[in-house]
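> Need the 3D shape of this:
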Amino acid sequence: MGFFIFVIMLLFIGGPEIIIVLLFVVIFFGSKKIPELARGVGRAMREMQNASDDIKKEIKDSASGINDDLDITK
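Here you go, the predicted model:
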């Protein structure tokens, strides 16, 4: 739930706000931890995309099964 709020908030953040957030990240985590954090965010985004693709495939497969069951030309 928190991730979705974060994404919605990103839609309303402008350039100066992003710079301030990046400064806070550097201050709190240090410059050595930023690549590690970026890799973690990248992995999370990739896993979310894979899960989304799996769900879309499952919906498409189940919809085609329903179409086969309802086909009256058989």
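> what about the chain, any weak spots by pLDDT?
When residues are selected by pLDDT under 70, those of the chain lie in 1-4, 8-10, 65-74.
> Quick one: the helices in this protein, in order.
Taking DSSP state H as the criterion, the chain carries its helices at 2-11, 15-29, 34-70.
> Output the ones you listed in JSON lines, with mean neighbour count appended to each entry.
All C-beta atoms are positioned from the backbone trio N, CA, C, and that covers glycine. Conversion of the helices of the chain to JSON lines gives the following (neighbours: other C-beta atoms under 10 Å):
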{"stretch": "helix 2-11", "mean neighbour count": "9"}
{"stretch": "helix 15-29", "mean neighbour count": "10"}
{"stretch": "helix 34-70", "mean neighbour count": "10"}
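> measure Ala63 to Asp53 for me?
When C-beta to C-beta, to the nearest Å is the yardstick, Ala63 and Asp53 sit 16 Å from each other.
> hmm, I was thinking of Arg39
Distance check for Arg39 against Asp53: by C-beta to C-beta, it reads 21 Å.
> Kindly report the same for Glu36.
Relative to Asp53, Glu36 is positioned 26 Å away (criterion: C-beta to C-beta).
> Same check on Gly14?
As for Gly14, its distance to Asp53 is 31 Å (criterion: C-beta to C-beta).
> do Leu23 as well
35 Å.
> try Phe24
Counting by C-beta to C-beta, the gap from Phe24 to Asp53 is 33 Å.
> Over to Lys33?
Taking C-beta to C-beta as the criterion, Lys33 is separated from Asp53 by 30 Å.
> Could you count how many residues lie near Lys33?
Using other C-beta atoms under 10 Å as the criterion, Lys33 is surrounded by 12 other residues.
> What distance do you get for it to Gln49?
Summarising the geometry, the distance separating Lys33 from Gln49, computed by C-beta to C-beta, is 24 Å.
> Can you give me every residue that contacts Glu36?
Taking C-beta atoms under 8 Å, 6 or more residues apart in numbering, we find Glu36 in contact with no residue.
> rerun that using 10 Å as the cut-off
When contacts are counted by C-beta atoms under 10 Å, 6 or more residues apart in numbering, Glu36 is found next to Phe29.
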